[in-house]
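Q: Here is a sequence together with a model predicted from it:
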Amino acid sequence: MFLGKNILVGVTGGIAAYKSAYLVREFKKASANVRVMMTRAAQHFVGPLTFETLSENKVGVDLFNDANTSPTAHIDWARWPDIIVICPATANTIGKIANGIADNFVTTTILASTAPVLLCPAMNVEMYNNRLYQQNAEKLAGLGFHFVEPEAGDLACGEVGMGRLADPRDIVQAVHYCLNRSDEWSEKKVLVTAGPTHEAIDPVRYMTNKSSGKMGFALAQEAAIRGAEVTLIAGPNNLRAPWRVKVVDVDSAEQMAAEVNKGFEECDVLVMAAAVADYRPAKTAKQKIKKSEFGPAMPLVPTEDILQTVGRRKAGQFIVGFALETKNEIAHAIDKMQRKNCDLMVLNNPLENGAGFEVDTNRVTLIDRNKRRQTLPLMSKQRVAQRILDAVQTGLQKHG
Ligand code: CTP
(Lines give C-alpha, C1' and ligand atoms only; values in the text may rest on other atoms or scores of the structure.)
Protein backbone atom coordinates (compact mmCIF):
# COMPACT_ATOMS: atom_id res chain seq x y z
CA MET A 1 0.00 0.00 0.00
CA PHE A 2 2.83 2.43 0.84
CA LEU A 3 5.61 1.13 -1.40
CA GLY A 4 8.28 3.83 -1.79
CA LYS A 5 6.46 6.31 0.47
CA ASN A 6 8.26 8.16 3.26
CA ILE A 7 6.14 8.38 6.39
CA LEU A 8 7.35 10.48 9.31
CA VAL A 9 5.59 9.58 12.56
CA GLY A 10 5.63 12.15 15.36
CA VAL A 11 4.93 10.74 18.82
CA THR A 12 3.87 13.17 21.55
CA GLY A 13 3.36 12.66 25.25
CA GLY A 14 0.21 10.67 25.96
CA ILE A 15 -0.53 7.14 27.12
CA ALA A 16 -1.69 6.27 23.58
CA ALA A 17 2.01 6.57 22.56
CA TYR A 18 2.28 2.79 22.90
CA LYS A 19 -0.28 2.36 20.12
CA SER A 20 1.93 4.26 17.69
CA ALA A 21 4.39 1.36 17.90
CA TYR A 22 1.72 -0.82 16.28
CA LEU A 23 1.13 1.89 13.69
CA VAL A 24 4.82 2.02 12.76
CA ARG A 25 4.75 -1.74 12.28
CA GLU A 26 1.71 -1.50 10.02
CA PHE A 27 3.43 1.17 7.88
CA LYS A 28 6.54 -1.00 7.60
CA LYS A 29 4.45 -4.05 6.70
CA ALA A 30 2.84 -1.98 3.94
CA SER A 31 6.37 -1.29 2.53
CA ALA A 32 6.75 2.35 3.68
CA ASN A 33 10.04 3.95 4.72
CA VAL A 34 9.37 5.12 8.26
CA ARG A 35 11.10 7.57 10.54
CA VAL A 36 9.94 8.47 14.03
CA MET A 37 10.43 11.70 15.95
CA MET A 38 9.40 12.11 19.58
CA THR A 39 8.85 14.83 22.12
CA ARG A 40 10.55 14.56 25.52
CA ALA A 41 7.19 13.85 27.16
CA ALA A 42 6.54 10.95 24.76
CA GLN A 43 9.73 9.27 25.99
CA HIS A 44 8.15 8.90 29.44
CA PHE A 45 5.67 6.50 27.87
CA VAL A 46 7.74 4.62 25.26
CA GLY A 47 11.50 4.59 24.73
CA PRO A 48 13.10 5.65 21.43
CA LEU A 49 14.69 2.21 21.13
CA THR A 50 11.27 0.66 20.50
CA PHE A 51 10.71 2.96 17.53
CA GLU A 52 14.29 2.68 16.34
CA THR A 53 13.90 -1.09 16.19
CA LEU A 54 10.49 -1.03 14.52
CA SER A 55 11.28 1.70 11.99
CA GLU A 56 14.86 0.50 11.34
CA ASN A 57 15.91 4.16 11.52
CA LYS A 58 17.39 6.52 14.11
CA VAL A 59 14.74 8.37 16.08
CA GLY A 60 14.65 12.18 16.16
CA VAL A 61 14.35 13.39 19.74
CA ASP A 62 16.45 16.49 20.34
CA LEU A 63 17.19 19.53 18.17
CA PHE A 64 20.54 20.29 19.79
CA ASN A 65 22.07 17.47 21.77
CA ASP A 66 21.45 14.43 19.71
CA ALA A 67 24.58 12.86 18.28
CA ASN A 68 22.46 11.36 15.51
CA THR A 69 21.30 14.59 14.02
CA SER A 70 22.93 17.53 12.28
CA PRO A 71 22.44 21.18 13.40
CA THR A 72 19.79 21.51 10.69
CA ALA A 73 18.17 18.17 11.41
CA HIS A 74 14.66 19.63 11.45
CA ILE A 75 15.15 20.89 7.88
CA ASP A 76 16.51 17.57 6.65
CA TRP A 77 13.65 15.76 8.37
CA ALA A 78 11.05 18.27 7.15
CA ARG A 79 12.04 17.69 3.47
CA TRP A 80 12.06 13.90 3.74
CA PRO A 81 8.43 12.78 4.27
CA ASP A 82 5.52 12.36 1.87
CA ILE A 83 3.31 12.67 4.95
CA ILE A 84 3.73 13.48 8.64
CA VAL A 85 1.51 11.53 11.04
CA ILE A 86 1.32 12.84 14.60
CA CYS A 87 0.15 9.93 16.75
CA PRO A 88 -0.90 10.50 19.42
CA ALA A 89 -1.33 14.25 19.08
CA THR A 90 -1.80 15.80 22.52
CA ALA A 91 -3.84 18.95 23.16
CA ASN A 92 -0.54 20.65 23.99
CA THR A 93 1.12 19.81 20.66
CA ILE A 94 -2.03 20.69 18.70
CA GLY A 95 -2.13 24.03 20.54
CA LYS A 96 1.52 24.69 19.69
CA ILE A 97 1.11 23.83 16.01
CA ALA A 98 -2.03 26.00 15.76
CA ASN A 99 -0.05 28.93 17.11
CA GLY A 100 3.12 28.46 15.10
CA ILE A 101 5.20 27.44 18.11
CA ALA A 102 8.33 25.43 17.32
CA ASP A 103 10.02 24.46 20.58
CA ASN A 104 10.94 20.80 20.08
CA PHE A 105 11.90 18.36 17.34
CA VAL A 106 8.30 17.52 16.43
CA THR A 107 6.79 21.01 16.30
CA THR A 108 9.87 22.53 14.61
CA THR A 109 9.87 19.86 11.89
CA ILE A 110 6.16 20.41 11.24
CA LEU A 111 6.64 24.16 10.92
CA ALA A 112 9.50 23.65 8.48
CA SER A 113 7.68 21.09 6.33
CA THR A 114 5.35 21.40 3.34
CA ALA A 115 4.25 17.75 3.58
CA PRO A 116 0.61 17.01 4.47
CA VAL A 117 0.12 16.50 8.21
CA LEU A 118 -2.33 14.00 9.70
CA LEU A 119 -3.13 14.59 13.36
CA CYS A 120 -4.46 11.75 15.52
CA PRO A 121 -5.61 13.41 18.74
CA ALA A 122 -5.88 11.46 22.00
CA MET A 123 -6.66 13.12 25.34
CA ASN A 124 -8.99 13.31 28.30
CA VAL A 125 -12.63 14.05 27.48
CA GLU A 126 -12.63 17.48 29.17
CA MET A 127 -9.43 18.49 27.39
CA TYR A 128 -11.06 17.41 24.15
CA ASN A 129 -14.22 19.40 24.89
CA ASN A 130 -12.28 22.47 26.03
CA ARG A 131 -13.02 25.39 23.73
CA LEU A 132 -9.33 26.22 23.48
CA TYR A 133 -8.61 22.77 22.09
CA GLN A 134 -11.65 22.91 19.79
CA GLN A 135 -10.64 26.32 18.44
CA ASN A 136 -7.08 25.16 17.81
CA ALA A 137 -8.33 22.01 16.03
CA GLU A 138 -10.79 24.02 13.93
CA LYS A 139 -8.08 26.47 12.96
CA LEU A 140 -5.78 23.65 11.87
CA ALA A 141 -8.55 21.88 9.92
CA GLY A 142 -9.24 25.19 8.15
CA LEU A 143 -5.55 25.42 7.25
CA GLY A 144 -5.63 22.01 5.58
CA PHE A 145 -4.32 19.81 8.39
CA HIS A 146 -5.99 16.39 8.33
CA PHE A 147 -7.52 14.77 11.41
CA VAL A 148 -8.46 11.26 12.42
CA GLU A 149 -10.92 12.10 15.14
CA PRO A 150 -10.67 10.23 18.45
CA GLU A 151 -13.33 7.73 19.47
CA ALA A 152 -15.70 7.74 22.41
CA GLY A 153 -15.10 5.07 25.04
CA ASP A 154 -13.17 4.17 28.19
CA LEU A 155 -10.18 6.47 28.65
CA ALA A 156 -6.90 5.59 30.35
CA CYS A 157 -7.70 8.06 33.14
CA GLY A 158 -10.77 6.01 34.11
CA GLU A 159 -13.26 8.50 32.69
CA VAL A 160 -15.56 7.76 29.78
CA GLY A 161 -16.09 9.97 26.73
CA MET A 162 -14.50 11.30 23.55
CA GLY A 163 -10.72 11.26 23.47
CA ARG A 164 -9.54 7.70 22.89
CA LEU A 165 -7.10 7.41 19.98
CA ALA A 166 -8.77 6.28 16.75
CA ASP A 167 -8.26 2.64 15.82
CA PRO A 168 -4.80 2.32 14.20
CA ARG A 169 -6.42 0.50 11.24
CA ASP A 170 -8.46 3.64 10.56
CA ILE A 171 -5.31 5.74 10.81
CA VAL A 172 -3.67 3.53 8.16
CA GLN A 173 -6.69 4.05 5.87
CA ALA A 174 -6.55 7.81 6.48
CA VAL A 175 -2.86 7.90 5.53
CA HIS A 176 -3.63 5.94 2.35
CA TYR A 177 -6.41 8.46 1.60
CA CYS A 178 -4.24 11.54 2.29
CA LEU A 179 -1.35 10.21 0.19
CA ASN A 180 -3.37 9.24 -2.86
CA ARG A 181 -6.42 11.47 -2.94
CA SER A 182 -7.27 13.07 -6.30
CA ASP A 183 -10.14 15.19 -7.64
CA GLU A 184 -10.64 13.03 -10.73
CA TRP A 185 -14.15 11.96 -9.64
CA SER A 186 -15.03 14.92 -7.44
CA GLU A 187 -18.25 15.47 -9.43
CA LYS A 188 -19.31 11.85 -9.21
CA LYS A 189 -21.66 9.95 -6.94
CA VAL A 190 -20.79 6.29 -6.62
CA LEU A 191 -22.96 3.58 -5.13
CA VAL A 192 -21.22 0.34 -4.12
CA THR A 193 -22.71 -2.82 -2.65
CA ALA A 194 -20.66 -5.35 -0.70
CA GLY A 195 -20.84 -8.50 1.34
CA PRO A 196 -23.38 -11.28 1.65
CA THR A 197 -27.00 -11.01 2.69
CA HIS A 198 -28.72 -12.87 5.51
CA GLU A 199 -32.09 -14.39 4.71
CA ALA A 200 -33.84 -15.17 7.96
CA ILE A 201 -35.37 -18.58 8.55
CA ASP A 202 -36.40 -17.78 12.13
CA PRO A 203 -35.04 -15.40 14.83
CA VAL A 204 -31.79 -17.38 15.20
CA ARG A 205 -31.14 -18.96 11.80
CA TYR A 206 -30.47 -17.58 8.34
CA MET A 207 -29.24 -18.52 4.87
CA THR A 208 -26.11 -16.81 3.62
CA ASN A 209 -22.94 -17.27 1.53
CA LYS A 210 -19.18 -16.99 2.03
CA SER A 211 -18.73 -13.37 0.84
CA SER A 212 -16.57 -11.28 3.21
CA GLY A 213 -17.27 -7.89 1.59
CA LYS A 214 -13.54 -7.17 1.08
CA MET A 215 -13.80 -6.52 -2.69
CA GLY A 216 -16.71 -4.08 -2.33
CA PHE A 217 -15.06 -2.26 0.60
CA ALA A 218 -11.85 -1.86 -1.42
CA LEU A 219 -13.86 -0.47 -4.35
CA ALA A 220 -15.64 2.03 -2.09
CA GLN A 221 -12.32 3.15 -0.59
CA GLU A 222 -10.66 3.61 -3.97
CA ALA A 223 -13.65 5.55 -5.37
CA ALA A 224 -13.48 7.91 -2.35
CA ILE A 225 -9.74 8.37 -2.94
CA ARG A 226 -10.60 9.53 -6.48
CA GLY A 227 -12.73 12.22 -4.86
CA ALA A 228 -16.18 10.69 -5.43
CA GLU A 229 -19.06 10.93 -2.99
CA VAL A 230 -19.41 7.27 -2.10
CA THR A 231 -22.24 5.35 -0.46
CA LEU A 232 -21.47 1.77 0.47
CA ILE A 233 -24.46 -0.50 1.04
CA ALA A 234 -23.00 -3.32 3.07
CA GLY A 235 -24.40 -6.69 4.04
CA PRO A 236 -23.24 -8.26 7.34
CA ASN A 237 -19.43 -8.06 7.61
CA ASN A 238 -16.48 -7.73 10.01
CA LEU A 239 -14.64 -4.95 8.19
CA ARG A 240 -13.64 -1.40 9.16
CA ALA A 241 -15.66 1.29 7.39
CA PRO A 242 -13.60 2.77 4.54
CA TRP A 243 -12.34 6.31 5.05
CA ARG A 244 -14.67 9.15 3.84
CA VAL A 245 -17.35 6.69 2.75
CA LYS A 246 -20.96 6.71 3.93
CA VAL A 247 -21.83 3.18 5.00
CA VAL A 248 -25.44 1.94 5.05
CA ASP A 249 -25.70 -1.41 6.83
CA VAL A 250 -28.29 -3.86 5.61
CA ASP A 251 -29.12 -7.43 6.45
CA SER A 252 -31.33 -9.01 3.80
CA ALA A 253 -31.58 -8.89 -0.01
CA GLU A 254 -34.86 -7.03 0.42
CA GLN A 255 -33.17 -4.28 2.49
CA MET A 256 -30.29 -4.07 0.03
CA ALA A 257 -32.74 -3.77 -2.88
CA ALA A 258 -34.58 -0.94 -1.12
CA GLU A 259 -31.34 1.02 -0.54
CA VAL A 260 -30.00 0.48 -4.07
CA ASN A 261 -33.33 1.44 -5.63
CA LYS A 262 -33.37 4.57 -3.45
CA GLY A 263 -29.84 5.69 -4.39
CA PHE A 264 -29.70 4.58 -8.01
CA GLU A 265 -31.34 7.54 -9.74
CA GLU A 266 -28.89 10.02 -8.19
CA CYS A 267 -25.71 8.01 -8.77
CA ASP A 268 -23.30 8.20 -11.70
CA VAL A 269 -21.73 4.80 -11.13
CA LEU A 270 -23.19 1.67 -9.50
CA VAL A 271 -20.83 -1.16 -8.56
CA MET A 272 -22.79 -4.25 -7.57
CA ALA A 273 -20.10 -6.27 -5.79
CA ALA A 274 -22.46 -7.81 -3.21
CA ALA A 275 -23.16 -11.52 -3.24
CA VAL A 276 -26.92 -11.12 -2.94
CA ALA A 277 -28.86 -14.25 -2.03
CA ASP A 278 -30.87 -15.47 -5.01
CA TYR A 279 -33.49 -17.10 -2.78
CA ARG A 280 -34.97 -16.58 0.67
CA PRO A 281 -37.23 -18.74 2.82
CA ALA A 282 -40.85 -18.33 1.72
CA LYS A 283 -41.76 -17.61 5.35
CA THR A 284 -39.72 -16.30 8.26
CA ALA A 285 -40.91 -17.90 11.50
CA LYS A 286 -41.51 -15.45 14.37
CA GLN A 287 -40.48 -18.05 16.96
CA LYS A 288 -37.48 -20.36 16.84
CA ILE A 289 -38.41 -23.48 14.87
CA LYS A 290 -37.93 -26.66 16.91
CA LYS A 291 -35.78 -29.37 15.39
CA SER A 292 -38.82 -31.65 15.25
CA GLU A 293 -40.79 -29.03 13.32
CA PHE A 294 -38.38 -28.83 10.34
CA GLY A 295 -39.71 -30.68 7.30
CA PRO A 296 -37.45 -32.51 4.82
CA ALA A 297 -37.58 -29.45 2.50
CA MET A 298 -37.82 -25.71 3.08
CA PRO A 299 -39.85 -23.73 0.53
CA LEU A 300 -37.86 -20.84 -0.99
CA VAL A 301 -38.89 -17.87 -3.10
CA PRO A 302 -36.63 -15.80 -5.38
CA THR A 303 -35.33 -12.46 -4.14
CA GLU A 304 -35.47 -9.37 -6.33
CA ASP A 305 -32.61 -9.36 -8.84
CA ILE A 306 -31.40 -5.89 -7.91
CA LEU A 307 -29.02 -5.48 -10.82
CA GLN A 308 -31.65 -6.51 -13.33
CA THR A 309 -34.22 -4.10 -11.85
CA VAL A 310 -31.91 -1.08 -11.89
CA GLY A 311 -30.45 -2.15 -15.26
CA ARG A 312 -33.92 -1.65 -16.74
CA ARG A 313 -34.17 1.82 -15.18
CA LYS A 314 -30.74 2.91 -16.41
CA ALA A 315 -30.61 6.53 -17.57
CA GLY A 316 -26.94 7.35 -18.12
CA GLN A 317 -25.55 5.56 -15.06
CA PHE A 318 -22.50 3.35 -15.56
CA ILE A 319 -23.20 -0.10 -14.10
CA VAL A 320 -20.61 -2.63 -13.02
CA GLY A 321 -21.79 -6.18 -12.34
CA PHE A 322 -19.95 -9.14 -10.86
CA ALA A 323 -20.11 -12.70 -12.10
CA LEU A 324 -18.91 -15.60 -10.06
CA GLU A 325 -18.57 -18.61 -12.31
CA THR A 326 -16.90 -21.98 -12.04
CA LYS A 327 -17.55 -23.25 -15.60
CA ASN A 328 -18.09 -21.66 -19.06
CA GLU A 329 -17.09 -18.48 -17.28
CA ILE A 330 -16.83 -16.06 -20.21
CA ALA A 331 -20.08 -17.10 -21.89
CA HIS A 332 -22.02 -16.91 -18.59
CA ALA A 333 -20.52 -13.53 -17.70
CA ILE A 334 -21.38 -12.04 -21.12
CA ASP A 335 -24.90 -13.42 -20.84
CA LYS A 336 -25.26 -11.85 -17.37
CA MET A 337 -23.90 -8.51 -18.58
CA GLN A 338 -26.45 -8.36 -21.40
CA ARG A 339 -29.36 -9.66 -19.31
CA LYS A 340 -28.68 -7.17 -16.52
CA ASN A 341 -27.76 -4.26 -18.85
CA CYS A 342 -24.28 -3.70 -17.33
CA ASP A 343 -21.48 -1.65 -18.88
CA LEU A 344 -18.68 -3.66 -17.33
CA MET A 345 -18.57 -7.16 -15.90
CA VAL A 346 -16.03 -8.38 -13.36
CA LEU A 347 -15.65 -12.12 -13.69
CA ASN A 348 -13.95 -14.33 -11.17
CA ASN A 349 -13.74 -17.99 -10.38
CA PRO A 350 -13.60 -18.75 -6.64
CA LEU A 351 -12.04 -22.15 -7.32
CA GLU A 352 -8.82 -20.53 -8.59
CA ASN A 353 -5.94 -20.11 -6.14
CA GLY A 354 -5.97 -16.70 -4.43
CA ALA A 355 -9.36 -15.71 -5.87
CA GLY A 356 -12.85 -15.43 -4.47
CA PHE A 357 -14.22 -15.00 -0.97
CA GLU A 358 -12.45 -14.23 2.31
CA VAL A 359 -8.92 -13.83 0.87
CA ASP A 360 -7.12 -10.49 0.38
CA THR A 361 -6.26 -11.20 -3.26
CA ASN A 362 -8.29 -11.76 -6.40
CA ARG A 363 -7.81 -12.81 -10.02
CA VAL A 364 -10.41 -11.31 -12.33
CA THR A 365 -11.29 -10.78 -15.98
CA LEU A 366 -12.92 -7.50 -16.97
CA ILE A 367 -15.39 -7.62 -19.85
CA ASP A 368 -16.78 -4.44 -21.42
CA ARG A 369 -19.97 -3.90 -23.42
CA ASN A 370 -18.13 -4.69 -26.65
CA LYS A 371 -17.08 -8.01 -25.10
CA ARG A 372 -13.46 -6.88 -24.99
CA ARG A 373 -11.68 -8.84 -22.29
CA GLN A 374 -8.83 -7.96 -20.00
CA THR A 375 -7.54 -10.71 -17.72
CA LEU A 376 -5.64 -9.35 -14.72
CA PRO A 377 -2.97 -11.32 -12.86
CA LEU A 378 -3.39 -12.31 -9.22
CA MET A 379 -3.18 -9.12 -7.15
CA SER A 380 -4.46 -7.57 -3.93
CA LYS A 381 -8.15 -6.65 -3.82
CA GLN A 382 -7.05 -3.05 -3.42
CA ARG A 383 -5.11 -3.18 -6.71
CA VAL A 384 -7.99 -5.04 -8.38
CA ALA A 385 -10.32 -2.25 -7.20
CA GLN A 386 -8.01 0.36 -8.75
CA ARG A 387 -7.96 -1.50 -12.06
CA ILE A 388 -11.76 -1.88 -12.07
CA LEU A 389 -12.15 1.87 -11.48
CA ASP A 390 -9.60 2.58 -14.24
CA ALA A 391 -11.82 0.51 -16.56
CA VAL A 392 -14.88 2.46 -15.36
CA GLN A 393 -13.04 5.70 -16.13
CA THR A 394 -12.25 4.47 -19.68
CA GLY A 395 -15.89 3.44 -20.12
CA LEU A 396 -17.16 6.80 -18.85
CA GLN A 397 -14.94 8.65 -21.32
CA LYS A 398 -16.33 6.56 -24.17
CA HIS A 399 -19.87 7.25 -22.94
CA GLY A 400 -19.03 10.93 -23.32
N1 CTP B 1 -27.31 -9.68 -8.06
C2 CTP B 1 -28.32 -8.82 -7.71
N3 CTP B 1 -29.45 -9.29 -7.10
C4 CTP B 1 -29.60 -10.60 -6.85
C5 CTP B 1 -28.57 -11.50 -7.21
C6 CTP B 1 -27.44 -11.00 -7.81
O7 CTP B 1 -28.20 -7.62 -7.94
N8 CTP B 1 -30.70 -11.03 -6.24
C9 CTP B 1 -26.11 -9.14 -8.73
C10 CTP B 1 -24.81 -9.41 -8.01
O11 CTP B 1 -24.48 -8.35 -7.12
C12 CTP B 1 -23.80 -9.48 -9.15
C13 CTP B 1 -24.62 -10.02 -10.30
O14 CTP B 1 -25.98 -9.78 -9.96
O15 CTP B 1 -23.31 -8.22 -9.50
C16 CTP B 1 -24.42 -11.48 -10.61
O17 CTP B 1 -25.05 -12.27 -9.66
P18 CTP B 1 -25.33 -13.86 -9.85
O19 CTP B 1 -26.10 -14.33 -8.69
O20 CTP B 1 -24.05 -14.52 -10.12
O21 CTP B 1 -26.20 -13.84 -11.15
P22 CTP B 1 -27.44 -14.73 -11.55
O23 CTP B 1 -28.09 -14.02 -12.67
O24 CTP B 1 -28.28 -14.98 -10.37
O25 CTP B 1 -26.81 -16.05 -12.13
P26 CTP B 1 -26.50 -17.51 -11.52
O27 CTP B 1 -27.44 -18.40 -12.22
O28 CTP B 1 -25.07 -17.74 -11.88
O29 CTP B 1 -26.69 -17.47 -10.03
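A: Arrived safely, thanks for sending.

Q: how about the helix or strand harbouring residue 397: buried residues?
A: Taking DSSP states H and E as the definition, residue 397 sits inside helix 381-399. Residues of helix 381-399 classed as buried: 381, 382, 383, 384, 385, 386, 387, 388, 389, 391, 392, 395 (neighbour count, 16 or more other CB atoms under 10 Å). Just so you know, the C-beta spots here come from the backbone N, C-alpha and C atoms, and that holds for glycine as well.

Q: tell me the mean pLDDT over it?
A: Looking at helix 381-399 alone, the average pLDDT works out to 94.

Q: My impression was that residue 22 belongs to a helix - is that right?
A: Yes - counting by DSSP: H, G, I helix; E, B strand; the rest coil, residue 22 is part of a helix.

Q: That one: how many residues sit nearby?
A: 15 (other CB atoms under 10 Å).

Q: now swap in residue 226 and tell me
A: 21.

Q: Same check on residue 8?
A: Neighbourhood size, residue 8 [other CB under 10 Å]: 27.

Q: Chain neighbours aside, what residue packs nearest to it?
A: residue 81 (3.7 Å; CB to CB, 6 or more residues apart in numbering).

Q: Now do that neighbour against the ligand, distance only.
A: 40 Å (CB to the nearest ligand atom, to the nearest Å).

Q: which helices and strands does the helix holding residue 397 pack with?
A: helix 214-225, strand 269-272, strand 318-324, strand 344-348, strand 361-362, strand 364-368 (3 or more CB pairs under 8 Å, 6 or more residues apart in numbering; DSSP states H and E).

Q: Adding mean neighbour count and mean pLDDT, write those out as a markdown table.
A: Converted to a markdown table, those look like this (neighbours: other CB atoms under 10 Å; pLDDT from 0 to 100):
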| stretch | mean neighbour count | mean pLDDT |
| --- | --- | --- |
| helix 214-225 | 27 | 97 |
| strand 269-272 | 26 | 98 |
| strand 318-324 | 23 | 97 |
| strand 344-348 | 24 | 96 |
| strand 361-362 | 21 | 89 |
| strand 364-368 | 22 | 96 |
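
Q: coming back round to it: next one: the helix holding residue 397, is it in contact with the ligand?
A: No - Helix 381-399 lies out of reach of the ligand by CB under 6 Å from any ligand atom, never closer than 12.2 Å.

Q: Next, the angle strand 364-368 makes with that helix.
A: 10 degrees (axes from the mean of the first three to the mean of the last three CA atoms, to 10 degrees).

Q: Would you mind listing what in this structure touches the ligand?
A: 253, 272, 274, 276, 278, 303, 305-307, 321-324, 336.

Q: Switch the residues you listed over to JSON lines; also include distance to residue 48.
A: Listed next are those as JSON lines, based on distance: CB to CB, whole Å:
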{"residue": "253", "distance to residue 48": "54"}
{"residue": "272", "distance to residue 48": "50"}
{"residue": "274", "distance to residue 48": "47"}
{"residue": "276", "distance to residue 48": "52"}
{"residue": "278", "distance to residue 48": "57"}
{"residue": "303", "distance to residue 48": "57"}
{"residue": "305", "distance to residue 48": "59"}
{"residue": "306", "distance to residue 48": "54"}
{"residue": "307", "distance to residue 48": "55"}
{"residue": "321", "distance to residue 48": "52"}
{"residue": "322", "distance to residue 48": "48"}
{"residue": "323", "distance to residue 48": "53"}
{"residue": "324", "distance to residue 48": "50"}
{"residue": "336", "distance to residue 48": "57"}
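
Q: Now do the same for the residue most central in space within the chain: helix, strand or coil?
A: Nearest residue to the geometric centre of the chain (CA atoms, centre = their mean): residue 242, 2.8 Å. Here residue 242 is recorded as coil under three-state DSSP.

Q: Now it: closest residue in space that isn't a chain neighbour?
A: Leaving out its chain neighbours, the residue that sits closest to residue 242 by CB to CB, 6+ apart is residue 221, at 3.7 Å.

Q: now residue 312, nearest residue through space, not along the chain?
A: residue 341 (6.7 Å).

Q: just checking, that neighbour touches residue 319?
A: Yes - counting by CB atoms under 8 Å, residue 319 is a contact partner of residue 341 at 6.8 Å.

Q: Mind listing the shared neighbours of the two?
A: residue 311 (CB atoms under 8 Å, 6 or more residues apart in numbering).

Q: Let me know how buried residue 291 is, in neighbour terms.
A: Applying other CB under 10 Å, I find that residue 291 has 6 neighbouring residues.
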